[in-house]
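Enquirer: what follows is a predicted protein model with its sequence.
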Amino acid sequence: MMDIQGGEVLNEVKRQLLLAGPLFSIGLLQYSLQIISLMFVGHLGELALAAASMATSFVSVTGFSLLMGMASALDTLCGQSFGAKRYHMLGLHTQCAMFVLLVVSIFLVIITSNTKMILIALHQDQDISKGAGLYARYMIPSVVAYGQLQCLVKFLQTQNIVFPMVLSSGIAALIHILLCWILVFEFELRIRGTALANSISYWINVCLIALYVKISSCCSETWTGFTVDALHNVLAFLRISVPSALMLCLKVWTFEMVVILSGLLPNPKLETSVLSIWLVLLLSIRVSNELGAGRPRAARMAAYVALVMVVVEGVLVGVLMVLLRDVWGRVYSEEEEVVRYLATMMPTVAVSSFFDGVQSVLSGVARGCGWQKMGAYINLASFYLVGIPCSITLAFVLDMKGKGLWLGVVSAFLVQVVFFLGITVRTNWDKQVTLEHCSLLDLNLLAHNSHLFNFIFLSG
């Protein structure tokens, strides 16, 4: 049983709210770039919206999700290093991640440039595939920027430095609105303009955050400049980043399958427009900080407090989504059919949003503890043994169409919650602290051995 006082719980709630508020703003502002783009495109017609939605979903799944998943390894590495006061390691881990993600981005650019051919090969609508391919080509610069952005964001988040990122993301979002208006309507680039605005806005955000890291005294101990020593940790980074990427991608790839399956329904433009609108994270940082600092009791309390908070938030957001179900559609499209269909889908989306929030917190515990491999197995079982089969059965066999596809996703979220909740409840936090400190010692030993090898090699 946990021996936790009411005052400690209140302090933990305050800590998480002070971190969650800005983090929510950062995520919302960064995600708003794609949402704003879809809003502009939505008023160009149903086909344009379907094409841009398909391209955004495809690039997010093949590029953004992989980069975000790999970068989330920094939640563990930087979070625990910061909690253990090994500040210099944060900069080394981040530089290593930036290099690895830059290399990965080269391969992602090749995939993105062939979006049209890939979609056609997947038997998607010819017109939608053509428009999506055009949109994706203009998003290529944003793929490279996104990987670097995620590394910088994780670097600052694990130090609880969040307000500068709120400011930079806000500036980028405001500039994005202006860029979309100018490129779409003034320069008449239409669908190409919104994709190009996306790329420019992402790079603006990267430059602003990089400038802050360079000149801020808050990062003087954690960022000491670029060094080749960071490359010594590549293998250690890959050991965590690959399972981290799988943990996220197995989930997000399911969403892409849902979008692709929606293109096989009788009205692909309508189904794709509606479902793609809904496809587009906090606790891992708090937990990893506490474990790295050797505070198992605080880490345990952070997990349970966040779980209660996300349940309350999920209920409130779900109710709001249902109450405003007739309003949301008009933000994205002027097509009455899209607006009406979106309204009928809203209760299902509200339920999925609730369970997704709960599983996100519970999977955040896994990331903070470094259990990415276990999380990948859970996601594999949840989405590919339960979610996708349920989606296909409900949508095509029982003829529930788009709602059936989404209910399959809800079933996967439910399985995730059951597994992650069981793991969280049974976690031995004192033992976990011991394991995390051993892990940090292993990383330092690996770096030391690399330095020694280089010294012997160069001396010889």
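Expert: Done, it's in. Residues are numbered from 1 along each chain as shown.

Enquirer: where along the stretch 151-300 of the chain do the helices fall?
Expert: With DSSP state H, counting those that start in this stretch as the criterion, the stretch 151-300 of the chain has helices at 163-181, 191-215, 234-262, 268-277, 283-292, 296-323.

Enquirer: by mean pLDDT, which helix or strand of the chain comes out lowest?
Expert: The helix or strand with the lowest mean pLDDT-type score in the chain, counting by mean pLDDT, DSSP states H and E, is helix 283-292 (a mean of 42).

Enquirer: deepest-packed of the helices of the stretch 151-300 of the chain, please.
Expert: The highest mean neighbour count among the helices of the stretch 151-300 of the chain, using mean count of other C-beta atoms under 10 Å, belongs to helix 283-292: a mean of 28. Just so you know, the C-beta spots here come from the backbone N, C-alpha and C atoms, and that holds for glycine as well.

Enquirer: which residue, other than its chain neighbours, is closest to the most centrally placed residue in the chain?
Expert: Among the residues of the chain, the smallest C-alpha distance to the mean C-alpha position (C-alpha atoms, centre = their mean) belongs to Met68, namely 5.4 Å. With C-beta to C-beta, 6 or more residues apart in numbering as the measure, Gln150 is the residue that lies nearest to Met68, at 5.4 Å, once sequence neighbours are left out.

Enquirer: host element of the one you found?
Expert: Under DSSP states H and E, the secondary-structure element containing Gln150 is helix 140-157.

Enquirer: what about the residue nearest to the centre of the chain, distance to Leu362?
Expert: Distance of Met68 to Leu362, computed by C-beta to C-beta, to the nearest Å: 18 Å.

Enquirer: cool, and Ala121?
Expert: Applying C-beta to C-beta, one obtains 36 Å for the distance of Ala121 from Leu362.

Enquirer: Arg426 too?
Expert: Using C-beta to C-beta, one obtains 12 Å as the distance from Arg426 to Leu362.

Enquirer: out of the two, which sits in the busier spot?
Expert: Neighbours were counted for Arg426 and for Leu362 using other C-beta atoms under 10 Å; Leu362 has more, 26 against 7.

Enquirer: now do that one, the pLDDT please.
Expert: According to the model's per-residue confidence, Leu362 sits at a pLDDT of 81.

Enquirer: next: Trp181.
Expert: 95.

Enquirer: skip the chain neighbours and tell me the closest residue to it.
Expert: For Trp181, the spatially nearest residue (C-beta to C-beta, 6+ apart) is Phe40, at 7.6 Å.

Enquirer: for the one you found, give me its contacts.
Expert: For Phe40, the set of contacting residues under the criterion of C-beta atoms under 8 Å, 6 or more residues apart in numbering consists of 180-181, 184, 193-194.

Enquirer: let's see 7 Å
Expert: Residues counted as contacts of Phe40 (C-beta atoms under 7 Å, 6 or more residues apart in numbering) are 180, 184, 194.

Enquirer: do the same with Glu221
Expert: Glu221 makes contact with Tyr87 under the criterion C-beta under 7 Å, 6+ apart.

Enquirer: swap in 10 Å and give it another go.
Expert: By C-beta atoms under 10 Å, 6 or more residues apart in numbering, the contact list for Glu221 reads 85, 87-88, 90-91, 159.

Enquirer: before we move on, what about Phe420?
Expert: Phe420 sits next to 358-366, 371, 374-375, 378-379, 382 when contact means C-beta under 10 Å, 6+ apart.

Enquirer: where's it, which helix or strand?
Expert: Here Phe420 is assigned to helix 401-425, by DSSP H and E.

Enquirer: and which of the contacts of Phe40 is nearest Trp223?
Expert: Trp223 lies nearest to Cys180 out of those, by C-beta to C-beta, at 33.0 Å.

Enquirer: mind checking how far that closest one is from Leu405?
Expert: 29 Å.

Enquirer: repeat for Phe355
Expert: Counting by C-beta to C-beta, the gap from Phe355 to Leu405 is 16 Å.

Enquirer: equivalent analysis for Gly27, please.
Expert: Relative to Leu405, Gly27 is positioned 25 Å away (criterion: C-beta to C-beta).

Enquirer: okay, the two: which has more neighbours?
Expert: Using other C-beta under 10 Å as the criterion, Gly27 and Leu405 rank with Leu405 on top: 28 against 15.

Enquirer: hang on, isn't the more buried one packed against Leu261?
Expert: Yes - with the criterion set as C-beta atoms under 10 Å, Leu405 and Leu261 qualify as a contacting pair; they are 5.8 Å apart.

Enquirer: hmm, back to that, list the contacts of the residue nearest to the centre of the chain.
Expert: Neighbours of Met68 in contact, by C-beta under 10 Å, 6+ apart: 60, 101, 146-147, 149-150, 153-154, 244-245, 248-249, 252, 281.

Enquirer: closest to Thr222 out of the helices of the stretch 151-300 of the chain?
Expert: Sorting the helices of the stretch 151-300 of the chain by C-beta to C-beta, the top spot, which is the nearest, belongs to helix 191-215 at 8.7 Å.

Enquirer: so which elements touch the closest one?
Expert: Packed against helix 191-215, as judged by 3 or more C-beta pairs under 10 Å, 6 or more residues apart in numbering; DSSP states H and E, are the following elements: helix 6-42, helix 46-59, helix 88-113, helix 126-137, helix 140-157, helix 163-181.
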